[in-house]
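J.: With the sequence up front, the predicted model follows.
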Amino acid sequence: MGGPAVITVPAFASARGGIRHFFGTRHHASGFEVEAGIPRPGIPRSTWLLSVRQVHGTAALVVDRSLSSDDRFDGGWDALVTDQPGVMVAVRTADCVPVLVHDPKRRVVAAIHAGWRGAVAGIVPKTMALMRSRFGSDPAQLHVSIGPSAGVCCYQVDELVLDKLRREFGGWETVVRDYNGGTARLDLKSLIREQVRLAGTRSDAITSVNLCTICHEDLFFSYRREGKVMGTMVSAIGLTR
């Protein structure tokens with residue numbers, strides 16, 4: 001059964017914002033390879049789509065210069081930040097949370113891959129702090145969109161995850177459901193939303209695409225549902241001018 005190729009959000013979609021963005025679906029991912037420094041189908045030839053190896057950490061790659069076909073990024077990062085027009089930064093997910101960030105005042109964008117390890121370790125607020133230290137971004141000026149991911153309806157975690165969550169996030173009880181002392185269902189989107197709010201972003205500037213990748217087989221790949229990586233969705237954001 002068919003579905004949309006990509007998902008956009010009204011908060012980011014205005015042409016006046018000077019950005020291009022999308023949250024990908026399995027229909028967009030099919031045949032869609034992301035490589036550093038290579039224009040891809042559906043992206044203007046003047047635009048570079050940049051993806052890197054993801055390692056479930058909290059490190060961010062900052063791209064503060066124009067790219068060329070000679071550029072290669074051989075390390076591992078789970079967030080990409082740029083102030084360069086014509087560079088779209090991208091992350092790949094299949095149940096983890098893609099997060100897109102836009103600073104319309106300082107003209108900076110970020111794409112973040114947040115699995116449970118990265119989310120609990122604070123990759124999103126840490127990337128926001130990096131945007132502030134490198135580009136002067138004020139958290140109160142940021143717009144943040146949280147993309148499709150494993151939902152609280154389906155995402156059951158064990159004591160290993162819960163123990164780390166308790167140690168890292170004081171309000172952990174608010175982002176779990178059906179806690180029985182050993183397992184619970186984790187609401188990753190709510191965890192990230194609360195971290196972003198606590199970092200200083202206005203609640204009305206935080207949006208979510210409330211679709212579960214595990215539930216919607218017609219739209220998304222899911223590692224949890226399929227038991228292996230059958231494919232990944234690509235989500236990206238970039239400045240157009």
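T.: Thanks, I have it.

J.: Mind naming the longest helix for this structure?
T.: Counting residues, the longest helix in the chain under DSSP state H turns out to be helix 123-135.

J.: next SSE after it?
T.: strand 143-146 (DSSP states H and E).

J.: ranges for the helices of this structure?
T.: Using DSSP H, helices in the chain cover 10-13, 26-29, 116-120, 123-135, 159-168, 188-198, 223-226.

J.: which of the ones you listed sits most buried?
T.: helix 116-120 (a mean of 23; mean count of other C-beta atoms under 10 Å). To be clear about C-beta, it is placed using only N, CA and C from the backbone, and glycine gets the same treatment.

J.: Which strands or helices does it pack on?
T.: Applying 3 or more C-beta pairs under 8 Å, 6 or more residues apart in numbering; DSSP states H and E, we find helix 116-120 packed against helix 159-168, helix 188-198.

J.: let's go with 10 Å and repeat that
T.: strand 97-103, strand 108-114, helix 123-135, helix 159-168, strand 184-186, helix 188-198 (3 or more C-beta pairs under 10 Å, 6 or more residues apart in numbering; DSSP states H and E).

J.: could you give me the average pLDDT of the shortest one?
T.: Which is strand 184-186. Across strand 184-186, the average pLDDT comes to 97.

J.: Can you tell me the strand partners of it and which way each runs?
T.: With DSSP bridges as the test, strand 184-186 is paired with strand 156-157 (antiparallel), strand 176-177 (antiparallel).

J.: where are the low-confidence patches of the protein?
T.: Across the chain, residues meeting the criterion (pLDDT under 70) sit at 1-2, 14-16, 29-46.

J.: same thing but 90
T.: 1-4, 10-18, 28-48, 66-72, 74, 180-182, 226-230, 240-241 (pLDDT under 90).

J.: got the angle for the longest helix of the chain vs helix 188-198?
T.: 40 degrees (axes from the mean of the first three to the mean of the last three C-alpha atoms, to 10 degrees).

J.: got the CA positions of helix 123-135 in CSV?
T.: Extracted in CSV, the C-alpha atoms of helix 123-135 (Å, rounded to 0.1, in the frame of the first residue of the first chain):
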residue,chain,number,x,y,z
ILE,A,123,22.2,14.4,22.6
VAL,A,124,19.5,16.9,21.7
PRO,A,125,20.2,19.5,24.4
LYS,A,126,24.0,18.9,24.0
THR,A,127,23.6,19.7,20.3
MET,A,128,21.6,22.9,21.2
ALA,A,129,24.4,23.9,23.6
LEU,A,130,26.9,23.4,20.8
MET,A,131,24.9,25.6,18.5
ARG,A,132,25.0,28.2,21.2
SER,A,133,28.8,28.0,21.7
ARG,A,134,29.7,27.9,18.0
PHE,A,135,27.1,30.2,16.5
